[in-house]
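[1] here's a sequence, model it:
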Amino acid sequence: MNAWLVVGMLVISNIFMTFAWYGQLKLQELKVITSNTPLMLIILMSWGVALMEYCFMVPANKYGFNGNGGPFSLLQLKVTQEVISLLIFTVFTIVFFKGETLHWNHFLAFALLILAVYLVFMES
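    Numbers count the residues shown, from 1 in each chain. Next up, the predicted model:
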């Protein structure tokens, strides 16, 4: 499978994951749900969104893994997924939660993530 297709599926998966985990906070801010909304209802709503995450994450991992003919080792898949997850979360936070700001330490953390990706993909 094409590496870019795998990365694309990981990006889509992580968009759904971020909305499943943190979307309820924005819905509460927008007063779509309240702090009195039953937790079980919020969990069920999140599971519905998370189902879409799995529809992209599972195939990305299955077809992206070099043991199945894909382009990535298991470690490469995981590190790539984590970096994508943090990038998606950062964009989500900046776009939907205006009070959050990035500081120098966040940029340093991103640089270290890029270094982590480089190291994982480096030939040993």
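[2] now the helices for the protein?
    Assigned by DSSP state H, the helices in the chain fall at 3-29, 39-64, 74-96, 104-121.
[3] with respect to burial, which of these scores highest?
    Across those, averaging neighbours per residue (mean count of other CB atoms under 10 Å) puts helix 3-29 on top, at a mean of 18. Where C-beta positions appear, they are placed from N, C-alpha and C, glycine not excepted.
[4] which elements pack onto that helix?
    helix 39-64, helix 74-96 (3 or more CB pairs under 8 Å, 6 or more residues apart in numbering; DSSP states H and E).
[5] just want the angle from the last one to helix 39-64.
    In this case it means helix 74-96. 140 degrees (axes from the mean of the first three to the mean of the last three CA atoms, to 10 degrees).
[6] packing partners for helix 74-96?
    Judged by 3+ CB pairs under 8 Å, 6+ apart, helix 74-96 is in contact with helix 3-29, helix 39-64, helix 104-121.
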